[in-house]
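*Asks:* Make a model of this:
(2 chains)
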Amino acid sequence: MQWEVVIGLEVHAQLATQSKIFSGSSTTYGAEPNTQASAVDLGLPGTLPVLNEQAVAMAVRFGLAVNAAVAGHSVFERKNYFYPDLPKGYQTSQMSQPIVGPGVLEILLEDGTRKSIRIHHAHLEEDAGKSLHEDFQGMTGIDLNRAGTPLLEIVSEPDLRSAKEAVAYVRAIHAIVTYLGISDGNMAEGSLRCDVNISVRPKGQEAYGTRAEVKNVNSFRFIERAIHFEVERQIDLIEDGGRVVQETRLYDPDADETRSMRSKEEANDYRYFPCPDLLPVEVDEAYIEHLRGTLPEMPAEKRARFESELGLSAYDASVLSGTREMADFFEEVKNVCGDAKQAANWVQGELSGRLNKENLDISVSPISSEQLGGLIKRIVDETINGKAAKQVFAALWDGEGTTADEVIASRGLKQVTDTGAIEAVVDQVIADNPAQVTQYQEAEVDKRGKMIGFFVGQVMKASRGTANPQQVNKVLKDKLDSLS
Amino acid sequence: MSSSIALHDKTLSELAQGLEAGEYTSRELTEVFLARIERLDGELNSFITVCREEALRDADAADARRAAGKAAPLTGVPMAIKDIFCTEGVRTSCGSKMLDNFISPYDATVIEKLRAEGVVMLGKTNLDEFAMGSSNENSYYGPVKNPWDLTAVPGGSSGGSAAAVAAGLAPAALGTDTGGSIRQPAAFCGITGLKPTYGRVSRYGMIAYASSLDQGGPMARSAEDCARLMNVIAGADPRDSTSVVRGVPDYVEGLKYSLKGLKIGLPKEYFGEGLTPEVEASVRAAIKVFEDAGASVQEISLPHTHLAIPTYYVIAPAEASSNLSRYDGVRFGHRCADPKDLEDLYKRTREEGFGDEVKRRILIGTHTLSEGFFDAYYIKAQKVRRLIRQDFLDAFDQVDVLMGPAAPTPAFDLGAHKDPLSMYLQDLYTIAINLAGIPGISVPAGLAGKRPVGLQILGPHFGEQTLLGVAHQFQQLTDWHRQRPEFGQEHA
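*Replies:* Residues are numbered from 1 along each chain as shown, chains lettered A, B, ... in the order given. Sure thing, here's the model as predicted:
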């Protein structure tokens, strides 16, 4: 049996507002427990919510970025359930009349195919607090710093057909929210997390299979793994004659498996009703248009421009426009060095490699865009060769020198292009290696190309890497060939 | 005004004048009331918490402020606060075991405003638990007695406030009204109580029962006193999104009102079955006073009146079930001993902390909001609510104010209503006003035997200036508001 995977995603993006969605408390991450929880966040009797306008503006800007219908009139509702880290006994959210209506998001897969994923809606809500189990033997600690942090929950239609598509979709959302500056998108800190709805059905069947929801997955890798595990589990289950039950599951990254949290039978009846403490949210056309004017160049536009104006490959353009930091860094490098292709190669190659290896984000890159641009500039104008460039890069990374020029000067890496000087070194190398010269001369002409590498290496070594490799090659070839 | 009236029988306005004239200090005044509370409240039970130390400290501060020439109109007058308003450093119990140990770390907006004016808080008055009740028999702290007749209830849920004012334990008090909880006890205790337009007075810091209906307001001995208090507490609050941004008129100025040409509507639904003849007689006599002063009277219909009680008992419990979820034993308030797990903590905390009426309404609300019943109850109730509101809007196209009884009977006996449903019917004339969001005032208009009768006057949204003016003019022509119960007089 051939199976088709059907995935829908609910992405929770924590909005980068200064204060909480319904109180004036700060939203800074990592503060001491309960130091950022006011009377309102604690749900003290008598307290009332006041909507943070910044959160509304951010939600509207997201809606505009995905070409969604922004609701002129939306309503906050209470979702009622008991949980120790839910201070009021309800979460203020939006269900029946969310602020952002249907929209579309285009995703780009690794093989270059594009696909449109429909967004069902996006709504504003408040986050809950956190239950702490460590350090509280036999008890639970409650930290309400996060309670009331604004979230934008972005709900997709079940249009995704593979783990790869799901990851591409979340990456696209990540790019949009970070481009807009409405979320820092920091998945490790929980600023972006998602619930994944997964079902399988025989290929060709129209009806959806029963789905399971995997809650709170917080990295691209885990999204992919959770889906792989869940798809396999569901297919095995059905093929063994079993039935998938609708339930909520949890992904355990350590065991790399999903586990049942609660089944639909025990599911809460949330008893949604309009929150009587908040007025409906009214946004008028003028306000929407004003916010439209604040939208930056979005990832898809940037990608297209990188391809058409800068002549980058589709792949390069897509990677470099993947996050706003990456795109900004790349553009700055390009502006300094004036060569988009070299800039693209270096940002994606040497820089990304090193950042990945040391697990650093580009926003904290030890080498600035200015420095990298200066380095590439010296490659382009042939002051240094590629080999020396790698040395300069390493030196700058380690904080040796503030500019590429400084490193080049202090290490004497300036490329030697003086033909006389190169000839002298070449002559010396030929004189020092008579055996190899003989071998070269005795070899058949079409094998000589390969053998010349030895001499090039010797010359480069003798020049401490500063000789222009093209020139070395040419001079060597001329000399060796003329000897025979 | 005769100076032979004992201080505790004077109105807030008179007391403010005396302070201004230097006849006594705020400390002296405060001591008079504290002494009366000490002597008389054992029998009445109108206070849950008496703030002796704080009151004297605030009185001294008020006297110092007056001496410095910085007194506001009500600086130094004492008053009582329904124990549903959060008061920093002073227990706010809401009449519930659940909050018996709750000391609020902040002041409600209205409390802040009263403090800024220099008003002295004598203490926190008794109420039906979480403001759920029409008789003040649902308090964890025991029932309040009606000073006019100690075998009668004072009305609810602001019964403690009403009884304290009627008995001369405080010249005025703050109450809240979700379905009549200012107006009905005001009527039962022979005082004046105003429920302002929803949104006119901030709800911030007022412990929520049914958020879309709750409204705080003044309870005092005269419409003039209510006007003075409204001048302090009314106005938009950036901390309450449902408070309305709109200029606040000078309510004291509005007292100069001419009854000539006033168009009064009598809703025929408020003079029907169940209305006690003595109450009807008093109300009709009061309306005659207006007619004699030049007002015209016409009959009006509010056709959806019969739906008000069922609608209220869908919407109010629905909101209450959600508002009261926070009392879970996790962060504040009562917590059961040695919970064995989370569910046990929730269940026993709420089982032990809430009284029967509160549990009853939480269950009703949870049911009506639950899947499969929401449309049939909650949504339907909201639609009916709009019809009820429209009834009033239509009525105010024809008349300036509506008048009728505040309650169908005078204060009933303690323990008279064993069946909660028969108790719910007590609010027949008050409840629709909350659903519509309009203001209403109850003024003393007679006695049925020993027990007072209240005339209710209703106005359009933000018409409280008119209501206070109309009520004040009535009080210029009558002296029902000057009547005092015998209780407590021997101590004068």
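*Asks:* where in the stretch 301-450 of chain A is pLDDT low?
*Replies:* Applying pLDDT under 70 to the stretch 301-450 of chain A flags no residue at all.
*Asks:* Mind doing that once more with 80?
*Replies:* A:415-419, A:445-450 (pLDDT under 80).
*Asks:* cool, and chain B?
*Replies:* Along chain B, the parts satisfying pLDDT under 80 run over B:1-4, B:490-492.
*Asks:* so what's whatever residue of the stretch 101-250 of chain A ends up closest to chain B bridging to?
*Replies:* Chain B sits closest to A:Ile142 of the stretch 101-250 of chain A, with a gap of 6.8 Å, by Cβ to the nearest Cβ. From N, CA and C alone the C-beta is placed, and that goes for glycine too. With beta bridges defined as DSSP bridges, A:Ile142 has these partners: A:Ser131.
*Asks:* Can you give me the pLDDT of it?
*Replies:* As summarised for this prediction, A:Ile142 has a pLDDT of 95.
*Asks:* Check whether it really touches A:Lys130, as I assumed.
*Replies:* Yes: checked against Cβ atoms under 8 Å, the pair A:Ile142 and A:Lys130 is within contact range at 7.5 Å.
*Asks:* joint contacts of those two?
*Replies:* Jointly contacting A:Ile142 and A:Lys130 under the rule Cβ atoms under 8 Å, 6 or more residues apart in numbering or on different chains are A:Asp85.
*Asks:* In terms of packing, which of the two has more residues around it?
*Replies:* A direct count of neighbours by other Cβ atoms under 10 Å in any protein chain shown for A:Ile142 and A:Lys130 places A:Ile142 higher, at 20 against 15.
*Asks:* nearest spatial neighbour of A:Ile223, skipping sequence neighbours?
*Replies:* If the residues on either side of it in the chain are set aside, A:Ile223 comes closest to A:Val217, at 5.1 Å by Cβ to Cβ, 6 or more residues apart in numbering or on different chains.
*Asks:* ok, so what distance separates that neighbour from A:Ala166?
*Replies:* 10 Å (Cβ to Cβ, to the nearest Å).
*Asks:* and what of B:Val119?
*Replies:* Looking at B:Val119 against A:Ala166, where the rule is Cβ to Cβ, the gap reads 62 Å.
*Asks:* One more: B:Ala6?
*Replies:* For B:Ala6, the distance to A:Ala166 (Cβ to Cβ) stands at 80 Å.
*Asks:* and those two? which has more neighbours close in?
*Replies:* Just comparing B:Ala6 and A:Ala166: by other Cβ under 10 Å the higher neighbour count belongs to A:Ala166, 27 against 14.
*Asks:* My guess is that one contacts A:Leu9. True?
*Replies:* Yes: using Cβ under 8 Å, A:Ala166 is in contact with A:Leu9, at 6.2 Å.
*Asks:* can you list residues touching both of the two?
*Replies:* Contacts common to A:Ala166 and A:Leu9, judged by Cβ under 8 Å, 6+ apart, are A:160, A:196.
*Asks:* Let's verify residue 193: helix, strand, or coil?
*Replies:* The chain I'm using is chain A. Per DSSP: H, G, I helix; E, B strand; the rest coil, the secondary structure class of A:Arg193 is strand.
*Asks:* Correction: the question concerned chain B.
*Replies:* Reducing the assignment to helix, strand or coil with three-state DSSP, the entry for B:Gly193 is strand.
*Asks:* now do A:Glu4
*Replies:* Three-state assignment for A:Glu4 (three-state DSSP): strand.
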